[in-house]
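Trainee: fold the following.
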Amino acid sequence: MADLGLSGLASGFDWRSLVDQLTEVERAPQTQLLRQQASLTTVNTAYGTVNTYLTSLQTKVDALNDADLFNQRAATSSDSDLATATADAATPLGKYTFAISQLATTSVQQGSADAGAALNATSDVSALVLSNAAFAVPVTAGTFTVNGKQITVATTDTLQAVFTAISTATSGAVTGSYDPGTDKITLASAAPVTLGSAVDTSNFLTAAKLHNNGTGSIASSHALGTVKTSGALASANFATAITDGGSGAGVFKVNGVSISFNATTESASAVLARINNSAAGVTATYDSVNDRFLLTNKSTGDLGVALEDVTGNFLAATRLSTGTLARGDNLEYTVNGGGTLVSNSNTITSASSGLSGLTVSALATGSVDVEVKSDSASIRTAVTDFIAAYNQVQSFLDTSTASTTNSKGKVTAGVLAGQTDATEIGTRLRRMAVAPVTGLTTTLTKLSDLGITTSADDNKLTLTDEDALDSALADKLADVQELFTHTSTGLGAQLSTYLEATVGDEGSLLERQSTLTKQATSIDDQVADLERTVQANRASLITSFIAMERAQSNINQQLQFLKQRFGG
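Mentor: Got it, this is the predicted structure:
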């Protein structure tokens with residue numbers, strides 16, 4: 001039998017369209033409930049915005065209600081090139097003259113020079129390839145000039161090959177040699193030798209430390225061999241071979257901090273970096289020009305550097321332990337013409353000056369005045385931040401609770417129009433903002449005394465007289481503080497109490513939002529119940545119409561049989 005669930009298959013009547021229409025009619029109560037739910041959600045969202053703005057206002061109010069705000073200090077320097085300064089609440093107000101006679105500098109442990117071995121053990125340099133030679137500056141390929149003759153050099157050349165090239169270019173007039181005893185190269189001639197030209201492209205003469213002297217014999221100005229900081233310590237050309245005790249577990253101490261090293265696998269650069277990254281408090285470097293290692297204190301002042309080889313001889317081989325200490329200077333200064341004070345650091349604190357909370361950073365020698373005042377700028381910012389947060393709340397409430405009329409006379413109500421909770425918030429805030437604060441012993445009892453007023457047009461606050469605020473902060477700071485922070489009756493205390501009762505964990509606004517949320521959720525349940533009824537009624541109608549189709553189909557079959565039987 002054909003599917004009688006198809007609308008009108010037997011009856012010719014489109015009953016399913018009728019069922020759909022009846023279903024939609026029956027859903028009308030749901031539509032109304034969903035409109036109510038959307039309205040509740042919109043109102044709840046608006047209250048959420050109010051909550052956010054009030055919470056922001058609460059933060060600004062708490063800042064004004066904090067006595068620490070009014071105890072803050074601001075320090076200004078008469079010459080920021082000589083010194084800068086900061087102060088905290090403990091710093092006494094006043095002007096202080098700092099006469100800085102000496103800045104603090106760092107101490108440097110200077111290793112003995114010539115930590116590196118000579119370029120070559122003998123005068124025979126026929127096997128000493130330039131790229132492998134431990135020059136302080138690696139030799140570059142190119143050309144250099146001797147007595148006006150150009151010599152070409154490659155990094156793969158031996159030092160002897162360079163000497164031969166010099167002799168050939170000068171027709172034997174200039175000869176080169178190397179002395180392992182002095183670790184120097186000498187260029188000799190019967191006549192004065194002239195080195196270099198403006199078009200030289202190789203740095204050989206510089207690397208060899210050869211400079212014109214107007215004579216026929218020019219020797220390197222310093223010993224040439226240096227330490228190869230990038231190679232393994234054991235083969236880094238140290239004058240004194242580095243050992244790590246034979247186990248790869250060498251240790252030395254700098255200022256009591258243990259530094260490990262492996263002479264076979266680690267380079268000098270790696271060990272220096274380990275020192276720098278440790279808590280030893282020094283910066284380790286290698287001076288290739290003077291072939292010596294340096295340890296510079298990270299802290300200024302006349303401080304020493306403690307050194308100890310524990311396992312191996314790193315400090316001895318680098319000649320740090322046999323070097324000299326270039327002592328740093330301490331900062332020396334006076335305050336208000338008093339006796340000389342001393343500090344290791346160029347940052348002066350109460351530890352040396354005795355001035356609580358005052359920090360002065362000395363930048364150069366000379367006399368500078370540091371004035372410590374109340375930080376009125378921070379207080380002023382706190383006041384203007386409060387005004388901005390207050391106005392944000394009132395502006396949103398004014399817009400949300402008002403109704404507007406367009407040119408055709410259509411009235412549109414604000415999302416919170418008629419919501420007494422919203423109206424009450426704006427009213428209460430305005431009342432507290434304009435009313436005099438009771439219980440004060442000062443002449444400043446209301447915001448208008450600080451030049452902060454309201455208008456009849458809206459609930460906003462406006463700083464109409466900036467001079468009044470600045471004058472009060474400069475001359476009546478204690479009165480301003482009492483206006484905001486007076487226990488229980490101060491404006492800050494009043495607002496803080498009200499805002500906590502409104503947006504606190506158990507605040508009335510959160511309770512209102514909770515109620516709206518529950519109402520919206522309840523509508524979901526009601527809509528679900530109504531929809532179940534709609535679906536049940538729809539199923540019943542469909543069942544009835546299918547039964548009708550079945551009956552109609554039977555009748556149609558009987559009529560067809562009778563027509564066939566009686567020839568109709």
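Trainee: avg pLDDT for stretch 54-74?
Mentor: Confidence for stretch 54-74, expressed as mean pLDDT, is 93.
Trainee: how long is it end to end?
Mentor: 31 Å (Cα to Cα, to the nearest Å).
Trainee: same deal with stretch 367-386?
Mentor: Between the opening and closing residues of stretch 367-386 there is a gap of 40 Å (Cα to Cα).
Trainee: buried residues, that stretch. List them.
Mentor: Using 16 or more other Cβ atoms under 10 Å as the burial criterion, the residues of stretch 367-386 that qualify are 368-370, 372-376, 379-380, 382-383, 385-386. Every residue, glycine included, has its C-beta placed from N, CA and C.
Trainee: same question, stretch 84-92
Mentor: For stretch 84-92, the buried set under the neighbour-count rule, 16+ other Cβ under 10 Å, comprises 84-85, 87-88, 91.
Trainee: rebuild those residues as CSV, extending it with distance to A161, pLDDT and secondary structure.
Mentor: Output for these, formatted as CSV (distance: Cβ to Cβ, whole Å; pLDDT from 0 to 100; DSSP: H, G, I helix; E, B strand; the rest coil):
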residue, distance to A161, pLDDT, secondary structure
T84, 60, 98, strand
A85, 65, 98, strand
A87, 70, 95, coil
D88, 71, 93, coil
T91, 72, 94, coil
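Trainee: just to revisit the earlier point, which of the buried residues of stretch 367-386 fall in strands?
Mentor: Here DSSP state E is the test, and those give 368-370, 372-374 as lying in strands.
Trainee: what sits against N459?
Mentor: By Cβ atoms under 8 Å, 6 or more residues apart in numbering, the contact set of N459 is 394, 397-398, 426, 429-430.
Trainee: reformat those residues into CSV and put secondary structure and neighbour count next to each item.
Mentor: CSV is the format used below for these (DSSP: H, G, I helix; E, B strand; the rest coil; neighbours: other Cβ atoms under 10 Å):
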residue, secondary structure, neighbour count
Q394, helix, 21
L397, helix, 27
D398, helix, 16
G426, helix, 21
L429, helix, 22
R430, helix, 18
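Trainee: farthest pair in those?
Mentor: When these are compared pair by pair using Cβ to Cβ, the two farthest from each other are D398 and L429, 11.7 Å apart.
Trainee: got the domain boundaries for this protein?
Mentor: Domain assignment for the chain, taken from automatic domain parsing, gives 15-33+511-566, 45-70+377-508, 73-104+329-374, 137-219.
Trainee: among those domains, which comes closest to V257?
Mentor: If you check each of the domains of the chain against V257 by Cβ to Cβ, domain 73-104+329-374 wins as the nearest, at 19.1 Å.
Trainee: endpoints of that closest one, how far apart?
Mentor: Comparing the first residue of domain 73-104+329-374 with its last one, the separation is 5 Å (Cα to Cα).
Trainee: and stretch 462-478, by the same measure?
Mentor: When the end residues of stretch 462-478 are compared by Cα to Cα, they are separated by 23 Å.
Trainee: next, count neighbours for the nearest residue to N65 once chain neighbours are set aside.
Mentor: With sequence-adjacent residues excluded and distances taken as Cβ to Cβ, 6 or more residues apart in numbering, N65 is closest to G492, at 3.1 Å. Burial of G492 is recorded as 23 neighbouring residues (other Cβ atoms under 10 Å).
Trainee: show me what contacts G492?
Mentor: Residues in contact with G492 (Cβ under 8 Å, 6+ apart) are 61-62, 64-65, 484-485.
Trainee: if I've got this straight, it is in a helix?
Mentor: Yes. Assessed by DSSP: H, G, I helix; E, B strand; the rest coil, G492 belongs to a helix.
Trainee: what about it, distance to S378?
Mentor: For G492, the distance to S378 under the criterion Cβ to Cβ, to the nearest Å works out to 15 Å.
Trainee: how about Q150?
Mentor: Look at Q150 and S378: by Cβ to Cβ, they are 71 Å apart.
Trainee: possible to save the domains of the chain as JSON lines with distance to V271?
Mentor: JSON lines is the format used below for the domains of the chain (distance: least, Cβ to Cβ, whole Å):
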{"stretch": "domain 15-33+511-566", "distance to V271": "65"}
{"stretch": "domain 45-70+377-508", "distance to V271": "49"}
{"stretch": "domain 73-104+329-374", "distance to V271": "28"}
{"stretch": "domain 137-219", "distance to V271": "21"}
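Trainee: and those domains: which comes nearest F314?
Mentor: Checked against Cβ to Cβ, the stretch from those lying closest is domain 137-219, at 22.7 Å.
Trainee: end-to-end on that closest one?
Mentor: 17 Å.
Trainee: now that domain: how far from the chain's centre is it?
Mentor: Taking Cα atoms, centre = their mean, to the nearest Å, the mean C-alpha location of domain 137-219 is offset from the chain mean by 54 Å.
Trainee: pLDDT on that domain, on average?
Mentor: Domain 137-219 shows an average pLDDT of 97 in the prediction.
Trainee: for stretch 524-534, same thing?
Mentor: So the average pLDDT for stretch 524-534 ends up being 78.
Trainee: off-centre distance for it?
Mentor: For stretch 524-534, the gap between its own C-alpha mean and the chain's C-alpha mean amounts to 54 Å (Cα atoms, centre = their mean).
Trainee: can you list the buried residues in it?
Mentor: By neighbour count, and taking 16+ other Cβ under 10 Å as the criterion, the buried residues in stretch 524-534 are 527, 530, 534.
Trainee: cool, and stretch 44-53?
Mentor: 44, 46-47, 49-51, 53.
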